[in-house]
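**Student:** I need the structure of the sequence given here:
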Amino acid sequence: MRDGKIVAAVTGMDHGHINGMTEGIGEAGAVIKWAYDPDTEKTKTFLDHFQKFQVKEAKNLEQILEDPEVDLVLSACIPSQRADLGIRVMEAGKDYFVDKAPFTTLEQLERIRKAIDKTRRKYMVYYSERLHSEAGVYAGKLVKDGVIGDVVQVMGMGPHRLNPETRPDWFFHKETYGGILCDIGSHQIEQFLYYSGCENARVVNSQVGNYCHSQYPEMEDFGEVSLVGENGASNYFRVDWLTPDGLSTWGDGRTFILGTKGYIELRKYVDVARDQTKDHVYWVDEKGEHREDVSGKVGYPFFQELLHDCIDRTETAMTQEHALKAGELCVIAQISAQKIK
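**Tutor:** Got it, this is the predicted structure:
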(Lines give C-alpha, C1' and ligand atoms only; values in the text may rest on other atoms or scores of the structure.)
Protein backbone atom coordinates (compact mmCIF):
# COMPACT_ATOMS: atom_id res chain seq x y z
CA MET A 1 0.00 0.00 0.00
CA ARG A 2 1.05 3.57 -0.64
CA ASP A 3 -0.94 6.50 0.75
CA GLY A 4 -4.01 4.28 1.03
CA LYS A 5 -3.71 3.03 -2.56
CA ILE A 6 -3.16 -0.52 -3.79
CA VAL A 7 0.32 -0.99 -5.25
CA ALA A 8 0.39 -3.33 -8.25
CA ALA A 9 3.06 -4.96 -10.38
CA VAL A 10 2.89 -6.57 -13.80
CA THR A 11 4.68 -9.71 -14.96
CA GLY A 12 4.06 -12.09 -17.85
CA MET A 13 3.12 -10.15 -20.99
CA ASP A 14 2.50 -13.06 -23.35
CA HIS A 15 -1.08 -12.01 -24.16
CA GLY A 16 -2.19 -8.53 -25.17
CA HIS A 17 -4.91 -8.58 -22.53
CA ILE A 18 -2.26 -7.38 -20.09
CA ASN A 19 -2.79 -3.91 -21.53
CA GLY A 20 -6.51 -3.88 -20.74
CA MET A 21 -5.85 -5.26 -17.26
CA THR A 22 -3.24 -2.61 -16.54
CA GLU A 23 -5.37 0.19 -17.97
CA GLY A 24 -8.35 -0.85 -15.88
CA ILE A 25 -6.43 -1.15 -12.61
CA GLY A 26 -4.41 2.01 -13.21
CA GLU A 27 -7.41 4.14 -14.15
CA ALA A 28 -9.21 2.82 -11.05
CA GLY A 29 -6.51 4.33 -8.88
CA ALA A 30 -3.85 1.70 -8.26
CA VAL A 31 -0.17 2.57 -8.27
CA ILE A 32 1.51 0.47 -10.98
CA LYS A 33 5.00 0.21 -9.52
CA TRP A 34 6.84 -2.56 -11.38
CA ALA A 35 6.83 -4.36 -14.72
CA TYR A 36 8.87 -7.42 -15.63
CA ASP A 37 8.95 -9.98 -18.41
CA PRO A 38 11.82 -12.33 -19.28
CA ASP A 39 11.56 -10.89 -22.79
CA THR A 40 13.05 -7.43 -22.35
CA GLU A 41 11.47 -6.20 -25.59
CA LYS A 42 8.01 -6.91 -24.18
CA THR A 43 8.87 -4.99 -21.05
CA LYS A 44 10.17 -2.04 -23.06
CA THR A 45 7.04 -1.93 -25.21
CA PHE A 46 4.88 -2.09 -22.07
CA LEU A 47 6.76 0.73 -20.35
CA ASP A 48 6.55 2.89 -23.44
CA HIS A 49 2.81 2.27 -23.71
CA PHE A 50 2.12 3.08 -20.05
CA GLN A 51 4.35 6.09 -19.49
CA LYS A 52 1.40 7.85 -17.84
CA PHE A 53 1.57 5.41 -14.92
CA GLN A 54 5.33 5.93 -14.42
CA VAL A 55 6.02 2.21 -14.14
CA LYS A 56 9.55 1.07 -13.33
CA GLU A 57 11.27 -2.01 -14.77
CA ALA A 58 11.95 -4.72 -12.21
CA LYS A 59 15.20 -6.68 -12.42
CA ASN A 60 13.39 -10.01 -12.08
CA LEU A 61 10.25 -11.60 -10.68
CA GLU A 62 11.82 -11.96 -7.25
CA GLN A 63 12.10 -8.20 -6.92
CA ILE A 64 8.33 -7.97 -7.32
CA LEU A 65 7.52 -10.85 -4.99
CA GLU A 66 9.91 -9.64 -2.28
CA ASP A 67 8.68 -6.04 -2.34
CA PRO A 68 6.51 -5.56 0.78
CA GLU A 69 4.80 -2.55 -0.80
CA VAL A 70 3.28 -4.63 -3.63
CA ASP A 71 -0.28 -5.82 -2.91
CA LEU A 72 -1.45 -7.10 -6.29
CA VAL A 73 0.30 -8.84 -9.20
CA LEU A 74 -1.16 -8.79 -12.72
CA SER A 75 -0.25 -11.38 -15.34
CA ALA A 76 -1.17 -12.57 -18.82
CA CYS A 77 1.54 -15.18 -19.12
CA ILE A 78 1.16 -18.39 -21.16
CA PRO A 79 -2.11 -20.06 -20.03
CA SER A 80 -0.51 -23.32 -18.86
CA GLN A 81 1.86 -21.30 -16.64
CA ARG A 82 -0.75 -19.11 -14.97
CA ALA A 83 -1.56 -21.43 -12.09
CA ASP A 84 2.05 -21.95 -11.00
CA LEU A 85 2.75 -18.22 -11.12
CA GLY A 86 -0.44 -17.43 -9.22
CA ILE A 87 0.38 -19.90 -6.47
CA ARG A 88 3.83 -18.39 -6.15
CA VAL A 89 2.35 -14.88 -5.99
CA MET A 90 -0.16 -15.85 -3.29
CA GLU A 91 2.50 -17.65 -1.25
CA ALA A 92 4.44 -14.37 -1.34
CA GLY A 93 1.46 -12.74 0.39
CA LYS A 94 0.03 -10.90 -2.62
CA ASP A 95 -3.26 -11.02 -4.49
CA TYR A 96 -3.24 -12.24 -8.09
CA PHE A 97 -5.14 -10.86 -11.07
CA VAL A 98 -4.74 -13.08 -14.11
CA ASP A 99 -6.00 -13.16 -17.66
CA LYS A 100 -8.48 -15.79 -18.72
CA ALA A 101 -8.19 -18.76 -18.92
CA PRO A 102 -7.06 -18.87 -15.28
CA PHE A 103 -5.75 -22.46 -15.58
CA THR A 104 -5.73 -25.27 -18.13
CA THR A 105 -6.17 -28.46 -16.06
CA LEU A 106 -8.25 -29.64 -13.11
CA GLU A 107 -5.05 -30.61 -11.31
CA GLN A 108 -3.96 -26.96 -11.47
CA LEU A 109 -7.34 -25.90 -10.09
CA GLU A 110 -6.95 -28.25 -7.13
CA ARG A 111 -3.56 -26.73 -6.29
CA ILE A 112 -4.96 -23.20 -6.70
CA ARG A 113 -7.78 -23.92 -4.25
CA LYS A 114 -5.32 -25.31 -1.69
CA ALA A 115 -3.10 -22.25 -2.05
CA ILE A 116 -6.08 -19.89 -1.60
CA ASP A 117 -7.13 -21.75 1.55
CA LYS A 118 -3.59 -21.62 2.89
CA THR A 119 -2.71 -18.01 2.04
CA ARG A 120 -6.17 -16.35 2.11
CA ARG A 121 -5.14 -14.34 -0.96
CA LYS A 122 -7.24 -13.61 -4.05
CA TYR A 123 -6.98 -15.33 -7.44
CA MET A 124 -9.05 -13.01 -9.61
CA VAL A 125 -9.63 -13.43 -13.34
CA TYR A 126 -9.91 -10.95 -16.21
CA TYR A 127 -13.03 -12.12 -18.07
CA SER A 128 -12.82 -9.09 -20.32
CA GLU A 129 -15.83 -9.73 -22.56
CA ARG A 130 -18.08 -8.82 -19.63
CA LEU A 131 -15.85 -6.88 -17.24
CA HIS A 132 -14.36 -4.60 -19.89
CA SER A 133 -17.49 -4.22 -22.02
CA GLU A 134 -19.88 -1.40 -21.24
CA ALA A 135 -22.63 -3.30 -23.05
CA GLY A 136 -21.92 -6.27 -20.79
CA VAL A 137 -22.03 -4.09 -17.69
CA TYR A 138 -25.26 -2.42 -18.79
CA ALA A 139 -26.91 -5.77 -19.47
CA GLY A 140 -26.05 -6.85 -15.95
CA LYS A 141 -27.85 -3.80 -14.60
CA LEU A 142 -30.94 -4.54 -16.69
CA VAL A 143 -30.99 -8.12 -15.42
CA LYS A 144 -30.43 -7.05 -11.80
CA ASP A 145 -33.26 -4.51 -12.06
CA GLY A 146 -35.64 -7.26 -13.19
CA VAL A 147 -36.34 -5.65 -16.57
CA ILE A 148 -36.59 -9.03 -18.34
CA GLY A 149 -37.75 -11.09 -15.37
CA ASP A 150 -35.93 -14.29 -14.42
CA VAL A 151 -33.23 -15.40 -16.83
CA VAL A 152 -34.19 -18.54 -18.73
CA GLN A 153 -31.34 -18.82 -21.22
CA VAL A 154 -28.09 -17.13 -22.19
CA MET A 155 -26.69 -17.61 -25.71
CA GLY A 156 -23.26 -16.35 -26.61
CA MET A 157 -21.29 -16.00 -29.82
CA GLY A 158 -17.59 -15.33 -29.48
CA PRO A 159 -15.93 -15.16 -32.91
CA HIS A 160 -12.32 -13.98 -33.10
CA ARG A 161 -9.93 -13.08 -35.92
CA LEU A 162 -6.88 -15.34 -35.92
CA ASN A 163 -4.12 -13.31 -37.64
CA PRO A 164 -1.81 -16.34 -37.33
CA GLU A 165 1.30 -14.41 -38.30
CA THR A 166 0.94 -12.35 -35.11
CA ARG A 167 0.50 -15.33 -32.80
CA PRO A 168 3.34 -16.86 -30.76
CA ASP A 169 4.23 -20.54 -31.06
CA TRP A 170 2.55 -21.49 -27.77
CA PHE A 171 -0.80 -20.37 -29.16
CA PHE A 172 -0.88 -23.37 -31.52
CA HIS A 173 -0.07 -26.08 -28.96
CA LYS A 174 -2.95 -27.47 -26.94
CA GLU A 175 -0.88 -28.18 -23.85
CA THR A 176 0.05 -24.52 -23.52
CA TYR A 177 -3.13 -22.70 -24.63
CA GLY A 178 -5.60 -25.27 -23.31
CA GLY A 179 -7.95 -25.60 -26.29
CA ILE A 180 -10.57 -23.25 -27.69
CA LEU A 181 -13.20 -23.98 -25.02
CA CYS A 182 -10.72 -23.52 -22.20
CA ASP A 183 -9.43 -20.32 -23.77
CA ILE A 184 -12.05 -18.07 -25.35
CA GLY A 185 -14.90 -20.27 -24.14
CA SER A 186 -14.15 -19.04 -20.63
CA HIS A 187 -15.67 -15.64 -21.48
CA GLN A 188 -18.94 -17.29 -22.44
CA ILE A 189 -19.34 -19.54 -19.42
CA GLU A 190 -18.52 -16.69 -17.04
CA GLN A 191 -21.22 -14.55 -18.63
CA PHE A 192 -23.75 -17.36 -18.36
CA LEU A 193 -23.07 -17.87 -14.65
CA TYR A 194 -23.22 -14.13 -14.00
CA TYR A 195 -26.37 -13.23 -15.92
CA SER A 196 -28.31 -16.35 -14.86
CA GLY A 197 -27.29 -16.09 -11.22
CA CYS A 198 -26.01 -19.66 -11.24
CA GLU A 199 -23.30 -20.76 -8.87
CA ASN A 200 -22.77 -24.02 -10.72
CA ALA A 201 -23.75 -25.78 -13.94
CA ARG A 202 -23.22 -29.06 -15.76
CA VAL A 203 -21.88 -29.52 -19.25
CA VAL A 204 -24.52 -31.25 -21.39
CA ASN A 205 -22.59 -31.32 -24.65
CA SER A 206 -19.35 -29.93 -26.08
CA GLN A 207 -17.77 -30.18 -29.51
CA VAL A 208 -14.65 -28.82 -31.20
CA GLY A 209 -13.20 -28.84 -34.69
CA ASN A 210 -10.44 -27.56 -36.92
CA TYR A 211 -12.07 -26.52 -40.20
CA CYS A 212 -9.59 -24.16 -41.82
CA HIS A 213 -6.18 -24.50 -40.19
CA SER A 214 -4.82 -27.98 -40.88
CA GLN A 215 -1.29 -26.50 -40.88
CA TYR A 216 -1.77 -26.22 -37.10
CA PRO A 217 -2.90 -29.74 -36.17
CA GLU A 218 -3.35 -29.00 -32.44
CA MET A 219 -5.45 -25.92 -33.06
CA GLU A 220 -9.24 -25.78 -32.78
CA ASP A 221 -10.93 -23.00 -34.75
CA PHE A 222 -14.51 -23.91 -33.76
CA GLY A 223 -16.19 -24.97 -30.55
CA GLU A 224 -19.70 -25.13 -29.10
CA VAL A 225 -21.09 -26.02 -25.68
CA SER A 226 -24.46 -26.52 -24.00
CA LEU A 227 -24.84 -26.20 -20.24
CA VAL A 228 -27.64 -26.25 -17.67
CA GLY A 229 -27.34 -24.26 -14.46
CA GLU A 230 -28.33 -25.54 -11.03
CA ASN A 231 -31.32 -23.17 -11.12
CA GLY A 232 -32.56 -24.57 -14.45
CA ALA A 233 -31.23 -21.78 -16.70
CA SER A 234 -29.73 -23.02 -19.95
CA ASN A 235 -26.75 -21.88 -21.98
CA TYR A 236 -25.47 -22.40 -25.49
CA PHE A 237 -22.38 -20.75 -26.88
CA ARG A 238 -20.26 -20.86 -29.99
CA VAL A 239 -16.67 -19.69 -30.26
CA ASP A 240 -14.46 -19.64 -33.33
CA TRP A 241 -11.37 -18.23 -35.02
CA LEU A 242 -13.18 -17.68 -38.32
CA THR A 243 -13.83 -13.93 -38.44
CA PRO A 244 -13.65 -12.86 -42.12
CA ASP A 245 -11.28 -10.12 -43.23
CA GLY A 246 -14.21 -7.93 -44.27
CA LEU A 247 -15.37 -7.32 -40.70
CA SER A 248 -14.29 -3.93 -39.36
CA THR A 249 -13.19 -5.32 -35.98
CA TRP A 250 -11.65 -8.50 -34.52
CA GLY A 251 -14.96 -10.23 -33.84
CA ASP A 252 -18.73 -9.75 -33.91
CA GLY A 253 -19.33 -10.71 -30.29
CA ARG A 254 -23.00 -11.18 -29.42
CA THR A 255 -24.87 -12.14 -26.27
CA PHE A 256 -28.58 -12.97 -26.07
CA ILE A 257 -30.31 -13.12 -22.68
CA LEU A 258 -33.84 -14.51 -22.57
CA GLY A 259 -35.98 -13.80 -19.54
CA THR A 260 -39.51 -14.59 -18.44
CA LYS A 261 -40.60 -11.02 -19.24
CA GLY A 262 -38.32 -9.97 -22.08
CA TYR A 263 -34.96 -10.40 -23.74
CA ILE A 264 -31.68 -8.57 -24.35
CA GLU A 265 -29.26 -8.61 -27.25
CA LEU A 266 -25.73 -7.22 -26.98
CA ARG A 267 -23.81 -6.22 -30.08
CA LYS A 268 -20.59 -5.59 -28.25
CA TYR A 269 -17.99 -4.60 -30.80
CA VAL A 270 -19.86 -3.62 -33.97
CA ASP A 271 -23.39 -3.29 -35.33
CA VAL A 272 -22.71 -4.98 -38.67
CA ALA A 273 -23.20 -2.81 -41.78
CA ARG A 274 -24.83 -0.10 -39.64
CA ASP A 275 -22.44 1.29 -37.04
CA GLN A 276 -18.77 0.46 -36.48
CA THR A 277 -18.84 1.71 -32.90
CA LYS A 278 -19.20 -0.68 -29.98
CA ASP A 279 -21.52 -1.35 -27.03
CA HIS A 280 -24.96 -1.52 -28.63
CA VAL A 281 -27.70 -2.86 -26.34
CA TYR A 282 -31.12 -3.90 -27.60
CA TRP A 283 -33.92 -5.15 -25.38
CA VAL A 284 -37.62 -5.83 -25.41
CA ASP A 285 -39.70 -5.83 -22.25
CA GLU A 286 -43.34 -5.45 -21.27
CA LYS A 287 -43.14 -1.70 -21.99
CA GLY A 288 -41.79 -1.87 -25.53
CA GLU A 289 -38.69 -2.07 -27.73
CA HIS A 290 -35.48 -0.32 -26.71
CA ARG A 291 -32.02 0.45 -28.06
CA GLU A 292 -29.16 2.16 -26.26
CA ASP A 293 -25.60 2.88 -27.34
CA VAL A 294 -23.79 2.81 -24.00
CA SER A 295 -20.17 3.39 -25.02
CA GLY A 296 -18.66 5.99 -22.73
CA LYS A 297 -21.74 6.09 -20.52
CA VAL A 298 -21.38 3.15 -18.14
CA GLY A 299 -17.72 2.62 -17.30
CA TYR A 300 -16.07 -0.46 -15.87
CA PRO A 301 -16.87 -0.73 -12.15
CA PHE A 302 -15.12 -4.08 -11.72
CA PHE A 303 -11.65 -2.57 -11.41
CA GLN A 304 -12.39 -0.11 -8.62
CA GLU A 305 -14.44 -2.77 -6.84
CA LEU A 306 -11.50 -5.18 -7.08
CA LEU A 307 -9.14 -2.65 -5.53
CA HIS A 308 -11.57 -2.10 -2.66
CA ASP A 309 -11.88 -5.88 -2.24
CA CYS A 310 -8.11 -6.18 -1.97
CA ILE A 311 -8.12 -3.57 0.80
CA ASP A 312 -11.26 -4.64 2.66
CA ARG A 313 -10.97 -8.44 1.96
CA THR A 314 -14.50 -8.43 0.54
CA GLU A 315 -15.96 -9.98 -2.66
CA THR A 316 -17.87 -7.15 -4.29
CA ALA A 317 -16.24 -7.27 -7.73
CA MET A 318 -16.46 -11.05 -8.09
CA THR A 319 -16.55 -13.94 -5.66
CA GLN A 320 -13.58 -16.27 -5.62
CA GLU A 321 -15.84 -19.24 -6.29
CA HIS A 322 -17.36 -17.58 -9.36
CA ALA A 323 -13.93 -16.80 -10.81
CA LEU A 324 -12.79 -20.40 -10.42
CA LYS A 325 -16.09 -22.08 -11.35
CA ALA A 326 -16.16 -20.43 -14.78
CA GLY A 327 -12.66 -21.73 -15.44
CA GLU A 328 -13.48 -25.18 -14.07
CA LEU A 329 -16.50 -25.62 -16.34
CA CYS A 330 -14.41 -24.56 -19.35
CA VAL A 331 -11.83 -27.22 -18.60
CA ILE A 332 -14.55 -29.85 -18.11
CA ALA A 333 -16.14 -28.86 -21.42
CA GLN A 334 -12.74 -29.05 -23.11
CA ILE A 335 -11.90 -32.46 -21.65
CA SER A 336 -15.26 -33.96 -22.63
CA ALA A 337 -15.48 -32.34 -26.07
CA GLN A 338 -16.14 -34.52 -29.09
CA LYS A 339 -13.90 -33.70 -32.05
CA ILE A 340 -16.19 -33.26 -35.05
CA LYS A 341 -13.69 -32.08 -37.65
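**Student:** Tyr138 and Asp293 touch, don't they?
**Tutor:** No: in this structure, Tyr138 is not within contact of Asp293 by Cβ atoms under 8 Å, at 10.1 Å. The way it works is simple: take the backbone N, C-alpha and C, and place the C-beta from them, glycine included.
**Student:** Between the two, which has more neighbouring residues?
**Tutor:** Neighbours were counted for Tyr138 and for Asp293 using other Cβ atoms under 10 Å; Tyr138 has more, 20 against 16.
**Student:** so what secondary structure elements neighbour the helix or strand the more buried one falls within?
**Tutor:** Following DSSP states H and E, one finds Tyr138 within helix 134-144. If you count contacts as 3 or more Cβ pairs under 8 Å, 6 or more residues apart in numbering; DSSP states H and E, helix 134-144 packs onto helix 128-131, helix 185-196, strand 254-259, strand 263-267, strand 280-285.
**Student:** Check those for me and report the most buried one.
**Tutor:** helix 185-196 (a mean of 27; mean count of other Cβ atoms under 10 Å).
**Student:** ok, and for stretch 285-295, which residues are buried?
**Tutor:** 285, 293-294 (16 or more other Cβ atoms under 10 Å).
**Student:** quick one: which of those is nearest Lys118?
**Tutor:** Val294 (41.2 Å; Cβ to Cβ).
**Student:** got the contact list for that closest one?
**Tutor:** Val294 sits next to 134-135, 137-138, 279-281 when contact means Cβ atoms under 8 Å, 6 or more residues apart in numbering.
**Student:** What is the end-to-end distance of stretch 206-219?
**Tutor:** One end of stretch 206-219 to the other measures 16 Å (Cα to Cα, to the nearest Å).
**Student:** Off-centre distance for that stretch?
**Tutor:** 23 Å (Cα atoms, centre = their mean, to the nearest Å).
**Student:** what is the mean pLDDT for it?
**Tutor:** The average pLDDT for stretch 206-219 rounds to 97.
**Student:** Going along the chain, name the helices of the stretch 151-300 of the chain.
**Tutor:** Here the stretch 151-300 of the chain has its helices, by DSSP state H, counting those that start in this stretch, at 174-177, 185-196.
**Student:** Which of those helices sits closest to Asp252?
**Tutor:** Of all the helices of the stretch 151-300 of the chain, it is helix 185-196 that lies closest to Asp252, at 14.0 Å by Cβ to Cβ.
**Student:** packing partners for that closest one?
**Tutor:** helix 128-131, helix 134-144, strand 151-159, strand 201-209, strand 222-229, strand 234-240, strand 254-259, helix 320-336.
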